[in-house]
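J.: give the three-dimensional model of this entry:
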Amino acid sequence: MGVNKNINKDFLYYATLGHNMTSVNPKFYSNLLGFRKNVSLINIEKTKESLRLANEFLNGIFSKENCSMLFVNLNNESSISTRICALRSAQPFLIKNWWSGTLTNVLFQNKIDVIFIISAKNHNFILQEAKKLNIPVIAVVDTDIDSNLVTFPIWLNDDSIEIHHELTFLVSSMILQAKLIKYGIIHKKSKNA
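T.: Okay, here's the model as predicted:
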C-alpha cells in the first residue's frame, strides 16, 4: 500500500509535534528531529517507516484465512471513528469498559491475531494482557511513552483527535487492501485451476 500517498500535509504537521522536552522519554530520542521552543519534533521519516512496518505486518496477517484485529480506543472523543473504521474493515472493536481479563474473554468469542490501540498512553494494562497472550500490538506511541510493550509502535502525536481519525482510517484501509490482495490471489488461482 502506498502509505505515504494517504498522508496529507496537515496530518504531517500535527503528527510531528511531540511533548515538552521535560516530559520526553529518553528512549524516544532516536525518533526525534530535535526540539523547537521546548517542544519535541518527531522525525516524520520514523513515522513513515513505522507505518510501513505495520502495513507489511498486516498484509502478512490478513493474507491468511479468518484473521482479525481488535480495534481498541477508550477515548470518548475519537471512539466513534474507531467504531466506524472497525466496521468498515469488518473487524471487532472495543471502545469502552476494559476490565482485567477482557482480552481473554474476547478471545473466547473471537480469534484475535493483532490489536490496534489508538494510543499506548494509559493503556499499560491492555498491553500487559496482550503480551501475556502473545498477541502483537500496533499502537500510537508519543514522545512521553515507553514503547517496550508495543510490537509495532507508530511514532505520532497522540493528543490530536484528527490524528486519531486519520490513523484509524489508514489502518482500516491497510486491512481492506490486504483482504483485496488476498481475494485477487485466490480468485486468480481459481481461474487458472
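
J.: and the residue lying closest to residue 113 once chain neighbours are set aside, helix, strand or coil?
T.: Take residue 113 and drop its neighbours on the chain: the residue closest to it by CB to CB, 6 or more residues apart in numbering is residue 67, 4.7 Å away. Heads up, the C-betas are built off the backbone N, CA and C, glycines and all. Of the three states, residue 67 takes coil according to DSSP: H, G, I helix; E, B strand; the rest coil.

J.: now do the same contact list for residue 67.
T.: Contacts here follow CB atoms under 8 Å, 6 or more residues apart in numbering; on that basis residue 67 touches 61, 111, 113.

J.: could you check how far the residue lying closest to residue 175 once chain neighbours are set aside is from residue 112?
T.: Excluding its sequence neighbours, the residue lying closest to residue 175 (CB to CB, 6+ apart) is residue 89, at 4.2 Å. According to CB to CB, to the nearest Å, residue 89 stands 14 Å off from residue 112.

J.: more crowded one of those two?
T.: Between residue 89 and residue 112, counting by other CB atoms under 10 Å, residue 89 is the more crowded of the two (23 against 19).

J.: tell me the backbone dihedrals of that one, please.
T.: Phi and psi for residue 89, reported as degrees, to the nearest 10, are phi -100, psi 10.

J.: cool, residue 157 as well?
T.: phi -70, psi 120.

J.: residue boundaries of the helices in this structure?
T.: Taking DSSP state H to define them, one finds helices in the chain at 9-15, 44-61, 79-88, 102-109, 124-132, 161-192.
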